[in-house]
Each structure stands twice: as structure tokens, then as C-alpha cells.
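In: Have a look; sequence and predicted model below, questions after that.
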Amino acid sequence: MHDMFVRPSGVAGERGLRTMAQAGRGMALEAVALLGIDAPRARMLEIGFGPGVGLEVLLNSFSQGEVVGVDPSEASHRHAATRNAAAIARGRLHLLSGTAEALPLPDEQFDGAIFVDNLHFWPDPRAGLAEVRRVLRDGAPVVCAFTPPSGGPPARLRRLFETAGFSEITEPRSVHGSLLRAIHRVLPEDRMPQPGDVRQAPDHLA
């Protein structure tokens, strides 16, 4: 399971990525539509992009925007880079190695984010969601999605987002699995810098 879907690697990872590519487009389309962002130049983030289908949907939906994907799997990077080679060449897509708990990104960079079929695999979901909030702009929506083959959402998912500081949380019906949409609002305490919190942007994102 780990090598196939959690952090794809080896033969099992190649098989898992092909399965995700075949089965994941419907949920990716639904998740991106649920963001509700009408801004072609939006800057978007996907965490745990797998074979790159969600990245492709984001690129098509925000035709003049920029998309950043973060994933720790080398195999996922290969698949996503092949699938979205033209966008990478045009500078519209940037793939970064990393995890949700330590995003290699500066603060307040993104207009929205999605993560499909992976939050329940994060070692520390609370830390991951805190990082997501850090890199989002005020008012940015996030969509967290799960398809049935992934095992579905973890227990008390809504409460997890509430305690992480998200608001306006909804869980609409989905034909492809489970969805949660939430909004990041900047709170006064979010503006207070903490020791060691400064993150440097990669050169192409500076």
C-alpha cells in the first residue's frame, strides 16, 4: 500500500500511479470546480499530486495562471512532469519535492489549494493544515477530496479543519466520493511572526 499509493515507488508505485490516473480525473474535475474561483490568472497549489491529473485540471481551469505541485515521490514527479510537460516548459507549472508538514514555499502565495486522496496519509494532518493556511492568501478556498478506493475520509475531518483555523466549512455531495471545502481567513495571531518561521521561495517562485 505504501509503495503503491502513499509514496509511490518501484514497480508497485508505477502500477498505483497508472491506477490513479485512470480513476482520478472525475474527482479532480469535481474538486477544482468546487473551489469556485473565477480568476483565470489565479495561483494554485496541489499537495500530493500523484500522476499529475489534478495539476492538468488546474492548468486547464486557470488558463493564464500558475500552478505549483508539492509531492515527496520521485515517481509521481516523473509521471506528472510527462503529463504536463508543455506547462512546465512555459513556466506555468512548478513541481517541488516536499510534504504537507513542511511546504517549501513562502507565506501567502496562493489563491486556492486542493489535495485529493492523501490527507489521511499525512503523518501529522494538523501540522499539514497549518502549513496550508500559511501559504494561502486571505479568503482562499481549499478542497480536500477522497475517492472510495483510497479508503475515504478520516474520522472527524470537519473538526480537524475547524481546529486548524479554517472557516465556512461545507461537505457537499459528491458523485465520486467525499468532498470538503473550507476557507482560510487570516486571523490576528497569523500575522505574528514566530522564530524560525521564515521560508525562502525557490528561485522560480521568488
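Out: Perfect, thanks for sending it.
In: quick one: contacts of the helix or strand harbouring His79?
Out: Using DSSP states H and E, His79 maps to helix 74-83. Helix 74-83 is contacted by residues 8-10, 13-14, 17, 21, 49-53, 55-56, 69, 71, 88, 95, 97 when judged by C-beta atoms under 8 Å, 6 or more residues apart in numbering. In this view, the C-beta of every residue, glycine as well, is placed from N, C-alpha and C.
In: at 7 Å instead, please
Out: Outside helix 74-83, the residues within contact range by C-beta atoms under 7 Å, 6 or more residues apart in numbering are 8-9, 13-14, 17, 49-52, 55-56, 69, 71, 88, 95, 97.
In: do the same with stretch 14-31
Out: Residues outside stretch 14-31 that contact it (C-beta under 7 Å, 6+ apart): 4-5, 8, 50-51, 53-54, 57, 75-76, 79, 114, 116, 143, 145, 147, 149, 174, 176-177, 179.
In: Please, a PyMOL command that selects the buried ones among those residues?
Out: Of the contacts of stretch 14-31, the buried ones can be selected in PyMOL as follows, counting by 16 or more other C-beta atoms under 10 Å:
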select buried, resi 4+5+8+50+51+53+54+57+75+76+79+114+116+143+145+147+174+176+177+179
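In: Under the pLDDT cut-off, which ranges of the chain? List them.
Out: 1, 3-6, 8, 13, 16, 190-206 (pLDDT under 70).
In: what about the helices in it?
Out: In the chain, the helices defined using DSSP state H lie at 10-23, 25-35, 53-61, 74-83, 85-89, 125-135, 157-164.
In: Show me which of the contacts of helix 74-83 is closest to Pro188.
Out: Of all those, Gly69 has the smallest distance to Pro188: 31.2 Å, by C-beta to C-beta.
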